[in-house]
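**Q** everything below, folded, please.
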Amino acid sequence: MLETTMSKNSTSTNSSQKEAPKQKKVSKNNKILIGGLLLISIVLLLLYVYQSFRPQYSFQETRVSKTVPNSSSTHPCVGKRYSLTEALQNPSVVCIVQIDSDEELSQLTSQSKSFSNLKSIYFNKINATISAEIRNFTLLTTLNFHHTSNTSIAPEIGTLQHLSVLHLNKADIAKLPATIGNLQNLTHLIIMLNGKPVSLPAEIGKLSKLQVLTLRGNPSVFLPVTLSHNQNIEYLDLTNNNMTELPATVYQLSRLNTLNLSNNQISALSPDIQQLSNLRALRLDNNALRSIPPLGNLQNLETLNLNNNKLTKLPEGIEKLQRLKYVHLSGNAFLKSAIDNLKLLLPYAQIVY
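**A** Numbers count the residues shown, from 1 in each chain. Below you'll find the model as predicted:
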């Protein structure tokens with residue numbers, strides 16, 4: 001009897017032990033199923049929300065013309081440089097236009113009042129005679145002349161109070177009007193590769209905001225004494241102008257940080273070069289220098305280029321210029337011992353000889 005009871009209990013226990021894993025397995029499967037359903041529900045909900053709030057676009061709403069200025073643009077002055085043909089289709093929103101012929105120039109000036117937002121004109125390979133109608137482009141900030149012939153600019157340019165950049169590259173201009181001195185917001189004046197000598201008018205001294213003056217690759221350059229009034233000039237490039245000396249007025253530009261005199265015929269510099277205490281870059285390569293005045297006061301100098309001159313002695317005080325990073329001395333007759341000593345005195349500078 002006892003054995004029978006024990007047998008039944010043993011059978012019951014074994015049965016319970018076999019059913020327990022089955023219940024755990026079913027419970028685990030139910031959890032996986034519920035988790036999967038929950039995940040699907042969340043994804044469907046997110047898709048519904050996305051579709052509900054997503055803007056709907058049609059093809060015609062998103063298509064943008066490649067040639068016609070878009071009058072609905074929030075920033076119409078950001079974008080391509082338009083040809084005059086393109087610009088005339090919607091002139092009121094055009095910011096930058098390129099003029100490629102004398103006929104286009106006449107057409108532009110005759111319709112100047114239609115270009116109410118014009119900020120920049122790029123004259124390309126034309127006989128650029130800029131007439132009095134230039135005053136109608138009151139918002140102009142940039143005038144760019146590229147490969148133009150017999151360029152002349154009317155005195156009315158002086159009325160363009162927003163003009164900040166005047167760039168003449170191979171413009172063959174004979175004279176700048178004195179009214180250029182009225183351009184109180186002009187920051188960049190660039191005259192490069194001009195076919196005629198460049199003579200800046202005395203009124204240049206009135207340009208109180210002028211920061212960059214580039215006159216390079218011209219037959220000759222004349223700088224008036226009034227240039228010294230331009231105390232905001234930081235960058236002066238006088239490369240390749242057949243200069244034999246540096247005008248005294250340059251030494252008075254106290255904020256100058258870059259002075260480029262490369263590829264001229266300068267044989268000497270004034271000791272006044274030390275007045276330019278803010279200079280960070282001084283380029284004198286490819287000249288006819290036989291000596292250099294003391295440079296010890298140029299404590300901010302980082303780059304000094306003296307390549308290809310007729311120098312036999314290093315500038316006095318060069319060892320004091322501890323901010324120098326690049327010193328170019330090749331093409332001169334310095335003693336090797338002097339160069340080796342300079343390398344010890346300026347251990348952080350890259351000296352090329």
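
**Q** number of residues surrounding Leu189?
**A** Residues contacting Leu189 under the criterion other C-beta atoms under 10 Å number 23. The C-beta positions use only the backbone N, C-alpha and C, and glycine is treated the same way.

**Q** wait, a strand at it?
**A** Yes - inclusion of Leu189 in a strand is indicated when DSSP: H, G, I helix; E, B strand; the rest coil is applied.

**Q** distance of it from Ala248?
**A** Summarising the geometry, the distance separating Leu189 from Ala248, computed by C-beta to C-beta, to the nearest Å, is 20 Å.

**Q** repeat that for His146.
**A** Between His146 and Ala248 the computed distance is 33 Å (C-beta to C-beta).

**Q** compare the two (neighbour count), which wins?
**A** His146 (17 against 12).

**Q** hang on, isn't the more buried one packed against Asp172?
**A** No - between His146 and Asp172 there is no contact, the gap being 11.5 Å when judged by C-beta atoms under 8 Å.

**Q** any idea how far Gly317 lies from Leu345?
**A** Note on Gly317: its distance to Leu345, by C-beta to C-beta, is 11 Å.

**Q** same thing with Ala174?
**A** Between Ala174 and Leu345 the distance is 50 Å, computed by C-beta to C-beta.

**Q** please say which of Gly317 and Leu345 ends up with more neighbours.
**A** Set Gly317 next to Leu345 and count neighbours by other C-beta under 10 Å: Gly317 wins out with 16 against 12.

**Q** that one against Pro294, yeah?
**A** Yes - taking C-beta under 8 Å as the definition, Gly317 is a contact partner of Pro294 at 4.7 Å.

**Q** what sits against Ser92?
**A** Going by C-beta atoms under 8 Å, 6 or more residues apart in numbering, Ser92 touches 71, 114-117.

**Q** for it, which three-state class applies?
**A** Put simply, Ser92 is helix when judged by three-state DSSP.

**Q** assign a three-state SS to Gly181, would you?
**A** At Gly181, secondary structure determined by three-state DSSP is helix.

**Q** apart from its chain neighbours, what residue comes closest to it?
**A** On the basis of C-beta to C-beta, 6 or more residues apart in numbering, the spatially nearest residue to Gly181 that is not a chain neighbour turns out to be Glu203, at 2.8 Å.

**Q** how many neighbours does the one you found have?
**A** A count of neighbours around Glu203, defined by other C-beta under 10 Å, yields 18.

**Q** let me see the contact set for it.
**A** 178-182, 226.

**Q** and for Asn230?
**A** Residues touching Asn230, when contacts are defined by C-beta under 8 Å, 6+ apart, comprise 204-205, 207-208, 210, 213, 253.

**Q** among the contacts of Glu203, who's most crowded?
**A** For these, counting by other C-beta under 10 Å, the largest number of neighbours falls to Ile180: 21 neighbours.
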